[in-house]
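Peer 1: generate coordinates for the sequence data below:
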Amino acid sequence: MAFHHVLDYAMLAFGFGFVIFFHELGHFLAAKYCGVKVEQFAVGFGPAIFSWRKGMGLRWGSSGRELEDLHRRAADGAAEDLSEVGETEYRLNYVPLGGYVKMLGQDDLRPNAAIDDPRSYNSKSIGKRMIIVSAGVIMNVILAAIGFMIVFRLGYPLPPAIVGTTYSRSPAMDAVRADGTHVALQPGDQILSYNGKLTNNDFSKIMLSVALTSEGDTVPIEVRHVDGTTETLRVTPRHMDDEGKGVLVLGVMPPSELRGLDPADISDWDEQKLRQSEPADFFAVRPGDVITQINGQDVERDDFWKLSDALAKSDGNPITLTVKSPSGAITQPTIMPHMMGGFSKDGLDFLGMLPRAAVDSIMDKSTALGKLMADDVIIHVEGATDGVSDPTVGELHDVLASAGDKQMPVSLTVLRAGSDQPIVISNLLPNVSVGDGKTGLGIGLREDEQHLVVGQVKPNSSAYGLIPDRATLTAINGKPVTNWFQVRSIIAAASSGDTLAVTYLPHDETKPQVANIKLTSDDIADARQISFTDALVLHEMPGTRKTTNPVTAFVWGVDETRDLILQFYVTLQRMFTGTISYKNAMGPVGMITTGGQIAAKGTTWLLWYLSMISANLAVVNFLPIPIVDGGLFSLLILEKIQGKPLSPDAQKIVQMVGLALILGVFLLVTYQDIARAAGY
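Peer 2: Numbers count the residues shown, from 1 in each chain. Modelled structure (predicted):
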């Protein structure tokens with residue numbers, strides 16, 4: 001196993017080296033074309049591991065000193081024939097973080113340095129220098145397109161462009177038909193095109209295209225439903241959080257098959273350990289298992305949408321699966337439906353009523369591991385702030401975040417399945433990074449869907465002022481209700497302007513009261529836009545993007561390169577405006593770590609990753625930052641405009657600022673890489 005890891009990283013290192021080599025080859029060929037003498041062609045920085053020069057052959061270290069001795073002896077009249085000795089030293093250096101082409105008269109830290117030689121870089125026209133400076137970026141774009149073209153000829157494994165699961169109240173749940181009616185994208189819908197561009201049955205293409213959408217734009221999306229009919233809807237991508245940050249998304253996830261994970265892919269399946277962190281339904285379908293029936297109805301592996309349909313129609317009741325194990329044993333576990341999370345940290349609400357929180361999962365590093373259990377219902381929390389009873393998802397999140405900021409322990413009182421008595425769990429210290437420099441308890445949260453306890457009522461909602469916080473609902477329109485699924489169904493089936501008579505028990509009281517709540521169209525739309533999920537761990541539906549037509553592969557390769565370059569620019573722009581955190585940036589450590597994981601998946605995955613790196617390298621190198629190619633190109637434009645280059649002092653300041661900026665960014669992203677790896 002260790003040998004395979006070493007081989008993976010060796011292939012990654014070779015790939016990185018080739019991307020850099022191709023970039024520098026662009027500068028080299030352009031310099032030769034423009035008649036500039038190239039003194040060194042290097043991959044990496046620092047001292048040379050080995051070098052090669054025509055007429056001298058391979059050398060450990062640099063051949064520079066040996067060449068100087070040859071020239072000295074020739075100048076002293078020694079019979080040295082230098083006509084066969086090449087002018088360019090090709091070298092591999094010790095620090096594999098880039099590369100360079102050293103041309104006669106070129107000094108990035110002294111761009112105005114002049115050498116009285118017609119073959120020097122600075123003696124050439126501005127146009128020729130622009131060609132030389134931009135050639136590396138052009139070669140990276142070409143390499144990316146070629147790499148993607150090869151990937152699509154070989155076949156790239158990825159999920160098909162089919163809707164698997166949708167987030168509640170997401171753009172995908174609020175699509176609009178041509179007649180203006182609202183409709184949700186349904187599990188099983190195949191997305192044929194987005195904003196006029198074919199998806200080529202590639203789920204990643206959907207995410208990329210959505211991310212490139214201008215904020216606030218409503219675009220067409222063509223889908224084919226499971227019954228074979230097609231229609232064009234319109235969607236408006238949004239950010240996934242309340243603060244308008246992150247990339248734009250539709251709120252859809254890729255599809256799964258009705259089977260468990262491949263046993264060969266699971267090296268650390270420790271059920272005893274997993275039971276400390278995952279809900280019971282997690283184990284209903286184990287690795288190698290296949291679902292053959294859902295509520296007695298026969299299903300095939302790709303009928304995942306039938307499971308979604310059963311979840312939506314359950315009204316909170318258990319669903320019975322028939323599962324066949326690799327040994328042929330048949331079991332019939334039951335699983336509970338859950339409501340899918342929404343686009344708000346406060347979680348889901350019904351007429352403004354927020355259910356209290358429950359534990360969904362627990363991270364390995366959490367101090368709650370082995371103490372809390374998945375499916376525990378939180379009935380009280382004590383932390384750095386005043387205690388909160390029946391906290392909502394948002395309230396619990398805030399208490400834990402505050403405790404994390406102050407490094408104070410929290411105490412949770414929970415209701416656990418199979419027990420009638422509350423359990424108090426004390427001294428839980430938030431110790432897990434939850435992003436944006438915050439520390440939390442490391443637990444996943446969801447709504448307590450099976451108990452009709454109102455944790456909080458949102459201000460300015462339909463239920464505000466009518467239903468008190470911490471009340472328990474018992475009936476609607478005289479009909480008993482026992483869970484939030486039933487409440488959702490009643491609201492979704494109503495019409496705008498209808499009034500619901502909601503019977504409830506105030507906290508710690510036994511006398512029921514009735515509130516008459518008038519529904520709005522938004523209340524009904526919110527209820528209808530709730531989607532459903534489960535705790536199963538299923539195998540991702542396999543797909544392959546492949547073509548045997550070289551022209552099609554070329555077009556796909558060019559499209560993929562263009563889209564990735566555009567995405568990089570959009571990401572930079574949104575980082576600058578603050579809608580995407582700079583903490584998402586990845587540096588050398590992250591690239592190597594991620595690259596090693598990708599290389600382990602196979603050659604095609606590695607080739608795709610390196611092609612993506614090549615496209616991104618083109619963007620980074622052509623940013624208008626001094627030192628990199630884009631900065632040098634910008635100085636050439638300025639020189640062309642004013643008829644002369646900047647003064648030596650001005651250029652020195654610009655170059656020092658650029659060097660400091662590059663170094664600062666390098667240190668920042670490296671820190672973020674290490675922090676992510678360490679779980680800070």
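
Peer 1: ok, the closest residue to P47 other than its chain neighbours - contacts?
Peer 2: Nearest non-adjacent residue to P47, counting by C-beta to C-beta, 6 or more residues apart in numbering: Y94, 5.7 Å away. (C-beta placed from N, C-alpha, C; glycine too.) By C-beta atoms under 8 Å, 6 or more residues apart in numbering, the residues touching Y94 are 44-49.

Peer 1: and for M207?
Peer 2: The contact partners of M207, taken as C-beta under 8 Å, 6+ apart, are V249.

Peer 1: does it count as helix, strand or coil?
Peer 2: Secondary structure state of M207, per DSSP: H, G, I helix; E, B strand; the rest coil, is helix.

Peer 1: just to revisit the earlier point, and of the contacts of Y94, the nearest to D76?
Peer 2: Nearest to D76 among those is A48, at 26.9 Å by C-beta to C-beta.

Peer 1: can you name the element that comes right after the helix or strand hosting that closest one?
Peer 2: Here A48 sits within strand 38-53, counting by DSSP states H and E. Moving toward the C-terminus from strand 38-53, the next helix or strand (DSSP H and E) is strand 57-60.

Peer 1: next, the angle from the following helix or strand past that next one to strand 38-53.
Peer 2: The helix or strand immediately downstream of strand 57-60 is helix 64-75, counting by DSSP H and E. Helix 64-75 runs at 100 degrees relative to strand 38-53, counting by axes from the mean of the first three to the mean of the last three C-alpha atoms, to 10 degrees.

Peer 1: so what's the gap between helix 64-75 and the chain middle?
Peer 2: 55 Å (C-alpha atoms, centre = their mean, to the nearest Å).

Peer 1: and if you look at stretch 125-137?
Peer 2: The answer for stretch 125-137 is 35 Å, by C-alpha atoms, centre = their mean.

Peer 1: again, but for stretch 282-292
Peer 2: Its chain's average C-alpha position is 27 Å from that of stretch 282-292, according to C-alpha atoms, centre = their mean.

Peer 1: quick one on the thing from earlier: what about the residue nearest to P47, which helix or strand?
Peer 2: Assigned by DSSP H and E, Y94 belongs to strand 89-103.

Peer 1: quick check: buried residues in that strand?
Peer 2: Buried residues in strand 89-103, counting neighbours by 16 or more other C-beta atoms under 10 Å, are found at 89-93, 96, 98-103.

Peer 1: state the pair within those residues that is farthest apart.
Peer 2: Every pair of those checked by C-beta to C-beta; the farthest is P96 and M103, at 22.0 Å.

Peer 1: that older thread, and the contacts of Y94, which two are furthest apart?
Peer 2: Every pair of those checked by C-beta to C-beta; the farthest is F45 and I49, at 11.6 Å.

Peer 1: now for those two: what residues contact both?
Peer 2: What both F45 and I49 touch, as defined by C-beta under 8 Å, 6+ apart, is the set 93-94.

Peer 1: domain parsing for this structure?
Peer 2: Following the assignment in automatic domain parsing, the chain carries domains at 1-16+104-157+550-680, 38-103, 353-521.

Peer 1: counting neighbours, what do you get for R446?
Peer 2: Applying other C-beta atoms under 10 Å, we find 23 residues neighbouring R446.

Peer 1: same check, this time on G196
Peer 2: Neighbourhood size, G196 [other C-beta under 10 Å]: 10.

Peer 1: so D116 sits in a strand?
Peer 2: No. Using three-state DSSP, the secondary structure at D116 is coil, not a strand.

Peer 1: burial check on it, number of neighbours?
Peer 2: Neighbours of D116 (other C-beta under 10 Å): 7.

Peer 1: for it, give me the pLDDT.
Peer 2: Listed pLDDT for D116 reads 70.

Peer 1: same deal with R238?
Peer 2: R238 carries a pLDDT score of 91 in this model.

Peer 1: export the domains of the chain to CSV and tack on distance to G316?
Peer 2: As requested, the domains of the chain are arranged in CSV below (distance: least, C-beta to C-beta, whole Å):
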stretch, distance to G316
domain 1-16+104-157+550-680, 35
domain 38-103, 56
domain 353-521, 3
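
Peer 1: do you know which of those lies nearest M253?
Peer 2: Nearest of the domains of the chain (C-beta to C-beta): domain 353-521, 15.7 Å.

Peer 1: which residues of the stretch 201-350 of the chain fall in helices?
Peer 2: Assignment of helices within the stretch 201-350 of the chain using DSSP state H, counting those that start in this stretch yields the ranges 203-211, 271-274, 304-313.

Peer 1: need the contact list for the nearest residue to V226 once chain neighbours are set aside.
Peer 2: In this structure, V226 finds its nearest non-sequential neighbour in G188, 4.1 Å apart by C-beta to C-beta, 6+ apart. Contact analysis of G188 by C-beta under 8 Å, 6+ apart lists 162-163, 225-226, 255, 304-305, 308.

Peer 1: quick one: the strands in the stretch 401-550 of the chain, in order.
Peer 2: For the stretch 401-550 of the chain, the strands defined by DSSP state E, counting those that start in this stretch occupy 410-415, 423-428, 432-435, 438-440, 443-447, 454-457, 472-476, 479-480, 499-505, 513-518, 532-533, 544-545.

Peer 1: looking at these, which is buried most?
Peer 2: strand 454-457 (a mean of 24; mean count of other C-beta atoms under 10 Å).

Peer 1: what does that one rub up against?
Peer 2: Under C-beta under 8 Å, 6+ apart, the answer for strand 454-457 is 352-357, 390-392, 395, 463-465, 467-473, 504.

Peer 1: go with 10 Å
Peer 2: With contact meaning C-beta atoms under 10 Å, 6 or more residues apart in numbering, strand 454-457 is reached by 346-347, 349-357, 378-379, 388-396, 447-448, 463-473, 484, 504, 507.

Peer 1: pull out the buried members of those residues.
Peer 2: Buried members of the contacts of strand 454-457, scored by 16+ other C-beta under 10 Å, are 346-347, 349-357, 378-379, 388-396, 447-448, 463, 466-473, 484, 504.

Peer 1: still on that earlier bit, the helices of the stretch 201-350 of the chain: which one's closest to M340?
Peer 2: With C-beta to C-beta as the yardstick, what comes closest out of those is helix 304-313 (9.3 Å).

Peer 1: so which elements touch the closest one?
Peer 2: Contacts defined by 3 or more C-beta pairs under 10 Å, 6 or more residues apart in numbering; DSSP states H and E place helix 304-313 against strand 165-166, strand 290-294, strand 297-298, strand 319-324, strand 334-335, helix 484-492, strand 532-533.

Peer 1: okay then, goodbye and thanks.
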